[in-house]
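Visitor: Requesting a structural model of the entry that follows:
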Amino acid sequence: MKQLFFLFLLLCQPGIAQSLAPLSEVPFIADRFIGIDNYKNSYFIKDRVINKQGPDGNFLFNDLQLGRITSLDIINPLKVVAFFQDTNTVVMLDNKLNEIERLNFNNLPQFLNVSTATNAGSNSLWLFNVDTQQLEMYNYGSKLQTVVSQPFPGKLLSQASNFNYCFTLTEKKLRAFNIYGSILNEAPSEGYEKIIQQNENLVALKENSLYYIPDFAKRNDAISHETVKLQLPEITIKDLQLTNDFLYIYDGENLHTFKLTIPTKE
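Guide: Have a look, this model is predicted:
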């Protein structure tokens with residue numbers, strides 16, 4: 001994919017140290033943009049096909065019988081996690097999008113009906129159990145499941161995770177959990193529609209605006225969490241990803257890249 005890069009002046013917000021620096025704007029055609037991995041490969045979905053393009057080459061995966069691609073977790077490019085909610089199935093893919101393993105939760109001895117499935121590392125997945133309304137961790141190596149949370153009231157709107165933490169957004173609460181099942185923090189959801197994560201930090205989407213929430217995975221009494229509205233040019237936010245301090249925003253036609261620095265008061 002031909003890439004055209006345009007450099008811009010840095011953005012500043014009065015009273016807040018510079019938080020975003022625009023780096024590039026690239027024409028990009030996809031139904032859904034997933035993200036960029038640590039090796040600068042881009043992942044996207046087009047016509048129900050998973051695509052990977054970049055320095056590693058161009059690769060595809062599709063299995064139309066599995067239904068709609070609900071999510072794609074690329075936190076580990078060597079074990080990409082594709083989740084298909086229609087068939088309650090996860091497919092693990094290698095760095096060339098070849099299938100490694102397939103998990104059909106309908107066929108487990110203890111049936112699991114899940115709405116999210118993301119990589120937790122160590123042969124484990126973060127799952128949200130629809131029937132119990134609880135966050136669980138499932139080890140597909142040992143086939144053991146561990147309940148991480150109490151039942152959630154309300155609908156789960158968004159889940160973001162890494163190998164240490166899982167963040168959940170419902171209509172009323174934003175929560176952070178660790179791999180041991182401890183709730184680390186919770187706060188009102190503030191009308192957020194979607195969250196993305198980097199380490200302990202979050203970026204939340206609300207009405208086409210983005211809010212940076214630092215250190216949300218740290219306990220309530222450990223740090224004061226101050227939310228900062230990120231200053232963006234006028235972009236329609238269709239999809240977004242945060243990785244290695246780079247914020248990627250897809251507007252349906254172009255992929256915008258920003259360098260994110262930790263916002264602090266001047």
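Visitor: Which pLDDT value does the model give the residue lying closest to G57 once chain neighbours are set aside?
Guide: Leaving aside its chain neighbours, G57 sits nearest to K96 (7.3 Å; criterion: C-beta to C-beta, 6 or more residues apart in numbering). The C-beta positions use only the backbone N, C-alpha and C, and glycine is treated the same way. Per-residue pLDDT puts K96 at 98.
Visitor: Surely K96 is in contact with L60?
Guide: No - counting by C-beta atoms under 8 Å, K96 does not reach L60; the two are 9.7 Å apart.
Visitor: So which residues of this structure form helices?
Guide: Assigned helices in the chain: none (criterion: DSSP state H).
Visitor: quick one: least confident helix or strand in it?
Guide: Lowest on mean pLDDT, DSSP states H and E among the helices and strands of the chain sits strand 144-147, with a mean of 90.
Visitor: chain center to that strand, what's the gap?
Guide: Centroid separation for strand 144-147 versus its chain: 22 Å, with C-alpha atoms, centre = their mean, to the nearest Å.
Visitor: Please name the strands paired to it in the sheet, noting orientation.
Guide: strand 134-139 (antiparallel) (DSSP bridges).
Visitor: returning to that earlier point: identify the contacts common to K96 and L60.
Guide: With contacts defined as C-beta atoms under 8 Å, 6 or more residues apart in numbering, the residues shared by K96 and L60 are K52.
Visitor: picking that back up, can you point out the buried residues in the least confident helix or strand of the chain?
Guide: Q145 (16 or more other C-beta atoms under 10 Å).
Visitor: go on, stretch 203-217?
Guide: V203, A204, L205, L210, Y211, Y212, I213, P214, D215, F216, A217.
Visitor: got the contact list for the fourth one?
Guide: Applying C-beta under 8 Å, 6+ apart, one finds that L210 lies in contact with V203, A204, K229, L230, L232, I237, L240, L247.
Visitor: The same query, at a cut-off of 6 Å, please.
Guide: V203, L230 (C-beta atoms under 6 Å, 6 or more residues apart in numbering).
Visitor: again, but for the fifth one
Guide: Under the criterion of C-beta under 6 Å, 6+ apart, the contact partners of Y211 comprise A204, T227, K229.
Visitor: Quick check: closest non-adjacent residue to it.
Guide: Here the residue nearest Y211, using C-beta to C-beta, 6+ apart, is A204, at 4.7 Å.
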